[in-house]
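Visitor: Sequence and predicted structure below; questions after.
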Number of protein chains: 2
Amino acid sequence: MKRDHGGNLDWAVGQYGGTKEDWIDLSTGINRVPYPVPAISPAAWSALPTASATATLIDAARVAFNTSGAVLPLAGAQAAIQLMPLLSAPGTAKIMSPTYNEHAAALRALGWQVVEAATAEETAGADLAVVVNPNNPDGRHYEPTALLALLPKVGRLVVDESFGDPYPANSLAPQAGRDGLVVLRSFGKFYGLAGMRLGFALGNEADIATLSQLAGPWPVCGPALELGALALADKAWATATIARLLAEIPRMDELAAEAGWNVVGGTCLFRLYDTPNAQDAQAKLAHAHIWSRIFPYSDRWIRLGMPGNAAEWARLAAALRG
Amino acid sequence: MKRDHGGNLDWAVGQYGGTKEDWIDLSTGINRVPYPVPAISPAAWSALPTASATATLIDAARVAFNTSGAVLPLAGAQAAIQLMPLLSAPGTAKIMSPTYNEHAAALRALGWQVVEAATAEETAGADLAVVVNPNNPDGRHYEPTALLALLPKVGRLVVDESFGDPYPANSLAPQAGRDGLVVLRSFGKFYGLAGMRLGFALGNEADIATLSQLAGPWPVCGPALELGALALADKAWATATIARLLAEIPRMDELAAEAGWNVVGGTCLFRLYDTPNAQDAQAKLAHAHIWSRIFPYSDRWIRLGMPGNAAEWARLAAALRG
């Protein structure tokens, strides 16, 4: 079964023409101003990833995420999502919905019964609860106290903070290490390097040891270990990037308002709008070779990532007005 | 539980001194003359791996492996090994042994009963049979007819051809697509780019679809998709590399014979020798900052990968004589 994702720019090019380079892909929440890729050492490509390279990355992640929990680097938050169903025997999973659809898909594929919950609180009683915080696509967020209150009411709580980098005050990473809590982090979205495949699972020693065994040795490529450690240690870049993204929210929402769209929610990496007709809205942008995200469960919602530079902002503004 | 591998050069450096750069790491069978890393496109780092980049890699793999079976790129043959236990309900797995220890570890971790088999034929009757061909570390190999005869006698046959690139006549890849057969290929070993994390599972449509769902979207990083497609299409490089490696076998075996070691077997990517005392043999080389592989189940065997250039050959010769 082919699942629905952002990032299917190939399809858009086939449908609306142009070359991939012509398009502005706003169909994901991936930062379009990526962390600059440095020269990668030859050994990162040629040798098996070393224990010391992994330890360096983990140390950088501990500081960046402000956690003293155990940290497992994986090939993207997606790789962590694939492992969650194996952390305990299948039972009932409750997922705060609508949200990123891979949680349900991965759990169902390995025998879990999946129930959609309208709020984080409604996941109470689940063997496994999943809360994406801030949520994708609507940006709903929970403060740490609310999720900590949920923790004793579920068998295990998975908090997916894939879009959490700009909102450290809402992160449960500092609490990772508590029994029953697993926090997932993405590297590729905020750092704009989704092709690199890097993400993290944070949790107590026992859960992380189990996940590490399930992932096997060398789950992350050498270049990602090297680049990830560098980027996560670069506080100045992160601070400047958060400031830029937060400042762009009003600009984006104003453009949308001019087009007659209403803000549903979002984060500073993506915005979700309510439109009279999502397919029409997507088509209008697609004719200008700007790709967006709509959802199988809504005929009104459209999600847009943030443009990456002045030219992209101008093209988006023109397309929305046109 | 920490499992025993080659590639633990960190440990050797801690024990015997020097810096990693001083050492010649022959503890793995990874080709020390890697495929040249080209410039990687910015999009390979920044964007989610695209369906078209994956399709290009799969096409290159089909030609390189001479298979018409379904092909799934994964983050190393290791990633495929981690998924084999999930392809069907746990039962009895028989593994031709001794061999690469991750097969047994991955199967046991997910509830399989693992039995060691002395030969490929002795895996008959297993729900899942694993044959590494050519075998690591002893180089035992089976011709396709022998393994095809085994196929109807087991529930599923996994043939791990991680070291199979130089021996295409022995490959079962052309037979991948037959029910019950899964063939695993490594990219990193023969192409000398183990840090890149690329490997393949080859099989029938149903098995590969199941594995793809278990792996999730984007299991391989963008740079690996790009570089892998380029390298697998480069027949001239592969042909020259096979010729070089095959020609180096006698040279290596002569050096070992001068040291009083007897050939047990191997491939052109690694050689296995019987010594009076494996630990002494490893220590002798380690004092010259050459790292080798010994095995928890043998006090006599030492495995050496092939040196990468004239200077490395000279240092190995001197260390063996010294």
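Guide: On my side now, so go ahead.

Visitor: Report whether the helix or strand residue A:108 falls within contacts chain B.
Guide: Here residue A:108 sits within helix A:102-109, counting by DSSP states H and E. Yes. Helix A:102-109 reaches chain B (Cβ under 8 Å from any Cβ of the partner chain) through A:102, A:105-106, A:109. C-beta coordinates here come from the backbone N, C-alpha and C atoms, glycine included.

Visitor: filter those residues to the buried ones?
Guide: Among the residues of helix A:102-109 next to chain B, those classed as buried by 16 or more other Cβ atoms under 10 Å in any protein chain shown are A:102, A:105-106, A:109.

Visitor: okay, those residues in TSV with distance to residue B:235 next?
Guide: Formatted as TSV, these follow (distance: Cβ to Cβ, whole Å):
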residue	distance to residue B:235
A:102	38
A:105	39
A:106	38
A:109	38
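
Visitor: What is the neighbour count of residue A:99?
Guide: Applying other Cβ atoms under 10 Å in any protein chain shown, we find 21 residues neighbouring residue A:99.

Visitor: so it, which of the three states?
Guide: coil (DSSP: H, G, I helix; E, B strand; the rest coil).

Visitor: Can you verify my assumption that it contacts residue A:133?
Guide: No. Judged on Cβ atoms under 8 Å, residue A:99 makes no contact with residue A:133 at a distance of 9.8 Å.

Visitor: Which parts of the stretch 101-250 of chain A are strands?
Guide: Assigned by DSSP state E, counting those that start in this stretch, the stretch 101-250 of chain A shows strands spanning A:113-117, A:128-132, A:156-161, A:181-186, A:199-203.

Visitor: near chain B, which residues of the stretch 1-150 of chain A?
Guide: Neighbours of chain B within the stretch 1-150 of chain A, by Cβ under 8 Å from any Cβ: A:1, A:3, A:5-11, A:20, A:25, A:28, A:30, A:32, A:34, A:37, A:42-52, A:75-76, A:78-79, A:81-82, A:86, A:102, A:105-106, A:109-110.

Visitor: filter the residues you listed to the buried ones?
Guide: A:6-9, A:20, A:25, A:28, A:30, A:32, A:34, A:37, A:43-50, A:75-76, A:78-79, A:81-82, A:86, A:102, A:105-106, A:109.

Visitor: Among these, name the ones in strands.
Guide: Taking DSSP state E, the ones among those that sit in strands are residue A:25.

Visitor: Looking at the buried ones among the residues of the stretch 1-150 of chain A next to chain B, which are in helices?
Guide: Mapping these onto helices (DSSP state H) picks out A:9, A:43-46, A:78-79, A:81-82, A:102, A:105-106, A:109.

Visitor: In space, what's closest to the residue of the stretch 201-322 of chain A found nearest chain B - neighbours in sequence excluded?
Guide: Closest contact between the stretch 201-322 of chain A and chain B, by Cβ to the nearest Cβ, is at residue A:222 (2.9 Å). Counting by Cβ to Cβ, 6 or more residues apart in numbering or on different chains, residue A:222 lies nearest to residue B:195, which is 2.9 Å off, once chain neighbours are set aside.

Visitor: Likewise for residue A:144?
Guide: residue A:172 (5.5 Å).

Visitor: Can you report how many residues neighbour residue A:223?
Guide: Residues near residue A:223, counting by other Cβ under 10 Å: 27.

Visitor: quick one: residue A:150 and residue A:120 touch, right?
Guide: Yes. Contact criterion Cβ under 8 Å: residue A:150 and residue A:120 qualify, at 5.9 Å.

Visitor: Give the residues shared as contacts by the two.
Guide: By Cβ atoms under 8 Å, 6 or more residues apart in numbering or on different chains, residue A:150 and residue A:120 have these common neighbours: A:129, A:131.

Visitor: So between those two, which is more surrounded?
Guide: Legend: neighbour count by other Cβ under 10 Å for residue A:150 and residue A:120, higher for residue A:120 (25 against 22).

Visitor: who's the residue lying closest to the more buried one once chain neighbours are set aside bridged to?
Guide: Once flanking residues are discounted, residue A:120 sits nearest to residue A:131: 4.6 Å by Cβ to Cβ, 6+ apart. Beta-bridge partners of residue A:131, counted by DSSP bridges, are residue A:159.

Visitor: rewinding a little: adding pLDDT, write the residues of helix A:102-109 next to chain B out as a markdown table.
Guide: What follows is these, written out as a markdown table (pLDDT from 0 to 100):
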| residue | pLDDT |
| --- | --- |
| A:102 | 96 |
| A:105 | 97 |
| A:106 | 97 |
| A:109 | 95 |
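
Visitor: farthest-separated two in the residues you listed?
Guide: A:102 and A:109 (10.1 Å; Cβ to Cβ).

Visitor: For stretch A:107-116, give me every contacting residue.
Guide: Taking Cβ under 8 Å, 6+ apart as the rule, stretch A:107-116 contacts A:84-86, A:90-95, A:97-98, A:104, A:126, A:128, B:86, B:213-214.

Visitor: Could you look up the SS state of the spatially closest residue to residue A:278 that is not a sequence neighbour?
Guide: Excluding the flanking residues, the one nearest residue A:278 by Cβ to Cβ, 6+ apart is residue A:294, at 4.3 Å. Put simply, residue A:294 is strand when judged by three-state DSSP.

Visitor: What is the burial count for residue A:294?
Guide: As a burial measure, residue A:294 scores 22 neighbours (other Cβ under 10 Å).

Visitor: Sketch out the helices for chain A, chain order is fine.
Guide: Going by DSSP H, chain A shows helices at A:9-16, A:42-46, A:51-65, A:77-83, A:102-109, A:144-150, A:205-215, A:222-232, A:235-258, A:278-287, A:310-321.

Visitor: closest to residue B:231 out of these?
Guide: Taking Cβ to Cβ, helix A:42-46 is the member of the helices of chain A nearest to residue B:231, at 11.4 Å.

Visitor: and that closest one, what other elements does it pack with?
Guide: helix A:222-232 (3 or more Cβ pairs under 8 Å, 6 or more residues apart in numbering or on different chains; DSSP states H and E).

Visitor: All good on my end, thank you.
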